[in-house]
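K.L.:
Any chance you can model this:
(chains A and B)
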2 protein chains.
Amino acid sequence: MKHFLEELGGLVESTVHDSIRSLTEKDEGRAQQVLMNEARINQMEIEIDELVTRLLALHQPMARDLRLLTAAIKINSDLERMGDLAVNIVERSLSLMKKPPVKPLIDIPQMARLVESMVRQSLDSFVKGDVAQARNVLLSDDAVDDLRDAIYHELVCFMEKDSSTVSRALDLIFVARNLERIADHATNIAEDVLFLIQGVDVRHHAEVRD
Amino acid sequence: MKHFLEELGGLVESTVHDSIRSLTEKDEGRAQQVLMNEARINQMEIEIDELVTRLLALHQPMARDLRLLTAAIKINSDLERMGDLAVNIVERSLSLMKKPPVKPLIDIPQMARLVESMVRQSLDSFVKGDVAQARNVLLSDDAVDDLRDAIYHELVCFMEKDSSTVSRALDLIFVARNLERIADHATNIAEDVLFLIQGVDVRHHAEVRD
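P.N.:
Now for the predicted structure:
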């Protein structure tokens, strides 16, 4: 079962990566790739859900195995949502592709690198049962929020100074917002991993994260 | 178990309602109520998760009971996210409270009424096992998207015409966006209900929804 989530996770990871590359390189081919991947991600989500339900019914697992399967239900859903968010990014990227840039893209690629590494680490922490990696993901979440806020405020300034940038700047604000939501799903996965390994529920407990 | 999700659902419903009232009535008391409710919602989510895991372990349920419990895991998570989104709305509402309105609020309250009825119907469909209500929720999703787009385009026009409205208009765009995401979670719940009752997975199959 872990194997299937690992496969889905790998596909989601490369889909998120392609969505940002479609933006930074104005690459329509990569944008199309994201749309194709999403269909496959949706199909895999359904298959994994069915598998988990079958495993629950057949093996009637206890304790740790049971926790692994309930975590799998949530992680599966988080991964599928990441695929949706990559599609949202691609929609903005396709709209921006034909227009002159508002500004050089520096902070969004930087935010994307951080978010991609959170996705990778959250998946790794699940596959390897690695507590340190899961904690790393939780620690990165604040940095992502700070980058999102900085991007937001800078783009609001652009819009206020030059109203011709409004529509393009909004597209970029939503790219940053979708990246932040991908990071949130990576954080959810890391929290599930910590609960799975340590039996400690770190959701909604900021103090435990530090 | 249904009883606990019903209780959580009721709290989430009134929290979403209060978040919008805090905006339309510039009511800081309601905004504070939302922030207080969210802490309770987070706590209830954890308790319901623990309950479901206990039920899975103790009763080793089969077939329909098993599907009910796996659906409960997802619905619980959808409800908790709705609470987060109501908090996002309140943050925008608190920022708008002290500023002159960009425009009379007509379409956002209209969108909110539709979204609130989706939340109510998705919960009702789960509690009563009502297929018709679950299908109604899926049918409303397009109307919500249309309202979100209309609100977006109108506010972009305001920003382009008068740059002093940028920051306030953005707040309203994000309120609409958060409402749309609440509707998405109601849709997820309705899909889970349909799967539970009919054994048909309607996710990602637009044609089944019609």
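K.L.:
anything in the longest helix that chain A contains near chain B?
P.N.:
Counting by DSSP state H, the longest helix found in chain A is helix A:63-97. Yes: Helix A:63-97 is in contact with chain B by CB under 8 Å from any CB of the partner chain, via A:63, A:66, A:67, A:70, A:73, A:74, A:77. From N, CA and C alone the C-beta is placed, and that goes for glycine too.
K.L.:
wait, what's in contact with the fourth one?
P.N.:
Contacts of residue A:70 were listed using CB atoms under 8 Å, 6 or more residues apart in numbering or on different chains, and they are B:49, B:52, B:53, B:56, B:73.
K.L.:
Please identify which pair of those lies farthest apart.
P.N.:
B:49 and B:56 (10.8 Å; CB to CB).
K.L.:
shouldn't residue A:126 be in contact with residue A:189?
P.N.:
Yes: using CB atoms under 8 Å, residue A:126 makes contact with residue A:189 at a distance of 6.3 Å.
K.L.:
Could you pull out the residues contacting both of these two?
P.N.:
With CB under 8 Å, 6+ apart as the test, residue A:126 and residue A:189 both reach residue A:75.
K.L.:
For residue B:49 and residue B:56, indicate the residue with more neighbours.
P.N.:
For residue B:49 versus residue B:56, neighbours defined as other CB atoms under 10 Å in any protein chain shown are more numerous around residue B:56 (24 against 20).
K.L.:
Need the residue closest to the centroid of chain A.
P.N.:
The geometric centre of chain A, computed from its C-alpha atoms, lies nearest to residue A:182 (CA atoms, centre = their mean), at 2.6 Å.
K.L.:
Quick check: phi and psi on that one?
P.N.:
Phi and psi for residue A:182, reported as degrees, to the nearest 10, are phi -60, psi -40.
K.L.:
show me what contacts it?
P.N.:
Residue A:182 neighbours (CB under 8 Å, 6+ apart): A:16, A:82, A:85, A:86, A:115, A:119.
K.L.:
do that again at 7 Å, thanks
P.N.:
Residue A:182 makes contact with A:16, A:82, A:85, A:115, A:119 under the criterion CB atoms under 7 Å, 6 or more residues apart in numbering or on different chains.
K.L.:
who wins for most neighbours among those?
P.N.:
That'd be residue A:115 among the contacts of residue A:182, by other CB under 10 Å, with 29 neighbours.
K.L.:
Mind telling me what element that one is part of?
P.N.:
Assigning secondary structure by DSSP states H and E places residue A:115 in helix A:107-128.
K.L.:
just checking, next helix/strand downstream of that helix?
P.N.:
helix A:131-161.
K.L.:
That next one near chain B anywhere?
P.N.:
Yes: Helix A:131-161 is in contact with chain B by CB under 7 Å from any CB of the partner chain, via A:156, A:159, A:160.
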